[in-house]
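Undergrad: Return a 3D structure for these sequence lines:
(2 chains)
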2 protein chains.
Amino acid sequence: MFSICICKKCFEILNVRKEALRHNIDELKFEINFIKLSSPIDPTIQIDTFTDVVLIPCSDSSSGPVHAHKIVLGSHSPVFKAMFQNYMKESKHVIKVADVSYVALRAFVNYLYTAEVCLENQMAFGLFIFAKRYQVNHLKAYCEKFLIAELNEVNAISTYTFSKEHNAKRLLDSTLTWIVDNKEQFVRSEAYVKLKRTNPGIVADILEDCFSNDLLILP
Amino acid sequence: MFSICICKKCFEILNVRKEALRHNIDELKFEINFIKLSSPIDPTIQIDTFTDVVLIPCSDSSSGPVHAHKIVLGSHSPVFKAMFQNYMKESKHVIKVADVSYVALRAFVNYLYTAEVCLENQMAFGLFIFAKRYQVNHLKAYCEKFLIAELNEVNAISTYTFSKEHNAKRLLDSTLTWIVDNKEQFVRSEAYVKLKRTNPGIVADILEDCFSNDLLILP
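TA: All right, here's what the predicted structure looks like:
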């Protein structure tokens, strides 16, 4: 067993610094808790009377609209900000949002108020598209990080297809790296075997991308 | 020199934990940066067209009103929230604010959007009153912390008077503790000598409070 000798003073300094970091974390959490807004999505908060914008998911007419505030949407998204600045009508602003489910739209709006979201893969795909469209970089990075952490043999192909379709470079690189690092598990997976039978072109694309990225190192 | 022997593994774990804490801090800072709103006080942000409430400092008629958003004021202050819920007129809500300068009002509103303020003693006194009146506990604690850190022989008496007048228990306790810990410096200070001559009653109050709090320990 190797050991390191450090003097008592240095050890104490190390511990004090760690305590200071912990204290800093507590203060930052307190600040986040303060600065978060009451979300109009939260059913316990009855503040929707102050909303001045309505978002309607056009592809999901079965569900209701999502009410929000221009100040919140405009502060977090340069796209919304420009939209509102070019539209000064006093009446409630209505925005029709294409290609999105009601559930994803609610989660997106809620995130802009609270920086909180409960993700699973489909929701992360949906929110990534939203975050990219409205330039909400914090949410985009959050979804990418989640999808990368969740990579496995079941979702690697869908994550690959998604990242190619939506030009998500970081996600694509991480997916290819995961595939190469887990190549044996990947080529034996049910999803891969099925895809090779039904759509060998995509399999070729994946393997070609692995080659092009210099990720496949021959033994 | 005393030294402590720790094994290499424990030392590495300690360092990894410190790195993890630093990473956590970076992520929290990123989150705060995201969740902050564009303040209507910021002259570079032209979003005051979306405001739905106007605050007017009655005692400072020389300056203009401060425009804001109900969602922001109501999210951070239960007092504003109740006020808005009981007042549903569609036109812009006007609130006259007593006993406050225009500068403090602007700083207060800005804090509700950004959790940021540049403090000096007078501003901290002003914002503490505001934070207490509108129940913005985060700002109240921030002002108290600042005033405690800034205690010295010049401002100890005004901080004492302020904390008594506004029932600021934590600030009062810290001021009394500071006075006792620095009693020689305090009783020799210009402010103390002048106060004893012009208003010995307050000097008696201060010393009595030090006694009552069991802070003065006789040698």
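Undergrad: what about stretch A:148-157, start to end distance?
TA: With CA to CA, to the nearest Å as the measure, stretch A:148-157 spans 13 Å from end to end.
Undergrad: Just the element for A:Val109, please.
TA: Assigned by DSSP states H and E, A:Val109 belongs to helix A:102-114.
Undergrad: Equivalent analysis for A:Leu195, please.
TA: Using DSSP H and E, the element containing A:Leu195 is helix A:190-198.
Undergrad: for that helix, which positions count as buried?
TA: With burial defined by 16 or more other CB atoms under 10 Å in any protein chain shown, the residues of helix A:190-198 counted as buried are A:192, A:195. For every residue, glycine as well, the C-beta is placed using N, CA and C.
Undergrad: Mind giving me the packing neighbours of that helix?
TA: Contacts defined by 3 or more CB pairs under 8 Å, 6 or more residues apart in numbering or on different chains; DSSP states H and E place helix A:190-198 against helix A:156-165, helix A:200-212.
Undergrad: Determine how far the longest one lies from the middle of the whole chain.
TA: Read that as helix A:200-212. Relative to its parent chain, helix A:200-212 has a centroid offset of 26 Å by CA atoms, centre = their mean, to the nearest Å.
Undergrad: Identify all contacting residues around that helix.
TA: With CB atoms under 8 Å, 6 or more residues apart in numbering or on different chains as the test, helix A:200-212 has contacts from A:157, A:160-161, A:164, A:172, A:176, A:179-180, A:192, A:195-196, A:216.
Undergrad: got the angle for that helix vs helix A:156-165?
TA: Relative orientation of helix A:200-212 and helix A:156-165, computed by axes from the mean of the first three to the mean of the last three CA atoms, to 10 degrees: 80 degrees.
Undergrad: For helix A:200-212, which residues meet the burial criterion?
TA: For helix A:200-212, burial by neighbour count (16+ other CB under 10 Å) applies to A:203, A:206-207, A:209-210.
Undergrad: likewise stretch A:153-167?
TA: For stretch A:153-167, by 16+ other CB under 10 Å, it's A:153, A:155-157, A:159-160, A:162-164.
Undergrad: what mean pLDDT would you report for it?
TA: For stretch A:153-167, the mean per-residue pLDDT is 95.
Undergrad: For it, give me every contacting residue.
TA: Stretch A:153-167 has contacts (CB under 8 Å, 6+ apart) with A:121, A:125, A:128-129, A:132, A:147, A:151, A:168-169, A:171-172, A:175-176, A:178-179, A:182, A:185-186, A:188-189, A:191-192, A:195, A:202, A:205-206, A:209.
Undergrad: switch the cut-off to 6 Å
TA: Residues outside stretch A:153-167 that contact it (CB atoms under 6 Å, 6 or more residues apart in numbering or on different chains) are A:121, A:125, A:147, A:171-172, A:175, A:179, A:185-186, A:189, A:191, A:195, A:206.
Undergrad: and if you look at stretch A:66-74?
TA: For stretch A:66-74, the external contacting residues (CB under 6 Å, 6+ apart) are A:40, A:48, A:51-55, A:80-81, A:84, A:105-106, A:109, A:112-113, B:47, B:50, B:69, B:71.
Undergrad: Tell me which helix or strand A:Leu119 sits in.
TA: Per DSSP H and E: A:Leu119 is located in neither a helix nor a strand.
Undergrad: okay, now it: neighbour count?
TA: A:Leu119: 18 surrounding residues under other CB atoms under 10 Å in any protein chain shown.
Undergrad: Do I have it right that it meets A:Lys145?
TA: No - using CB atoms under 6 Å as the test, A:Leu119 is too far from A:Lys145 to be in contact (9.8 Å).
Undergrad: Compute the inter-axis angle for the longest helix seen in chain A and helix B:8-35.
TA: The longest helix of chain A (DSSP state H) is helix A:8-35. Counting by the same axes, to 10 degrees, helix A:8-35 lies at 30 degrees to helix B:8-35.
Undergrad: Walk me through which strands the next helix-or-strand element following helix A:8-35 pairs with, and which way each runs.
TA: Beyond helix A:8-35 on the C-terminal side, the first helix or strand identified by DSSP H and E is strand A:53-57. According to DSSP bridges, strand A:53-57 forms sheet pairs with strand A:66-68 (antiparallel), strand A:93-97 (parallel).
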